[in-house]
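K.L.:
from the sequence below, what's the structure:
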Amino acid sequence: MTEITISKEDDGRHGRYVAKVAGISAEAELTFTHRGPGLISADHTGAPDELRGTGAAAALVEFLIDDARSSGFRIIPLCPYVRARYLNHLEWQEVMTVGPGEVPSIQKGHAS
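P.N.:
Numbers count the residues shown, from 1 in each chain. Model prediction:
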């Protein structure tokens, strides 16, 4: 099993979750933006070729969901990868702003 370590960076407006895999110097990230009280958007998930197949990107999404549950925020899943993972995890609906398969949009600071 691959050892993956995840950390969170947050400047109060934007942030990212960073995944590092033991023995590999590259890192994967899931970026987010604060959209209002108790609301963030998951903007982009990226993993370099060195991390493909390690499970780092999936671990980032799982960490995001766990963070939302423990911290009490909801997620606007703008990132296509997050939305794709959501299709296989319908139990995440409680922390998402849209249903599985729905594409969210941001208009004037609101999710729809």
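K.L.:
scan the protein for its longest strand.
P.N.:
Looking across the chain with DSSP state E, the single longest strand is strand 27-36.
K.L.:
what are the pairing partners of that strand, and which direction each?
P.N.:
In the sheet, strand 27-36 lines up against strand 14-21 (antiparallel), strand 39-46 (antiparallel) (DSSP bridges).
K.L.:
can I get those strands in JSON lines with distance to Ile6?
P.N.:
Yep, even glycine has a C-beta here, placed from its N, CA and C like the rest. Formatted as JSON lines, those follow (distance: least, Cβ to Cβ, whole Å):
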{"stretch": "strand 14-21", "distance to Ile6": "5"}
{"stretch": "strand 39-46", "distance to Ile6": "12"}
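K.L.:
related to what we said a few turns ago, off-centre distance for the longest strand of the chain?
P.N.:
Mean-position distance between strand 27-36 and its chain equals 7 Å (Cα atoms, centre = their mean, to the nearest Å).
K.L.:
same check on stretch 19-30?
P.N.:
15 Å.
K.L.:
any low-confidence regions in the chain?
P.N.:
1, 107-112 (pLDDT under 70).
K.L.:
for the residue lying farthest from the centre of it, give its distance to Thr54.
P.N.:
Computed with Cα atoms, centre = their mean, the maximum C-alpha offset from the centroid of the chain is found at Gly23, amounting to 23.4 Å. Gly23 sits 10 Å away from Thr54, going by Cβ to Cβ, to the nearest Å.
K.L.:
again with Ser71
P.N.:
Counting by Cβ to Cβ, the separation of Ser71 from Thr54 is 26 Å.
K.L.:
neighbour count: those two, which is higher?
P.N.:
Taking neighbours as other Cβ atoms under 10 Å, Ser71 and Thr54 compare with Thr54 leading, 20 against 11.
K.L.:
my guess is Leu78 contacts Ser41, does it?
P.N.:
Yes - the criterion here is Cβ atoms under 8 Å, and Leu78 meets it with Ser41 at 4.9 Å.
K.L.:
what sits in contact with each of those two?
P.N.:
Counting by Cβ atoms under 8 Å, 6 or more residues apart in numbering, the shared contacts of Leu78 and Ser41 are 104, 106.
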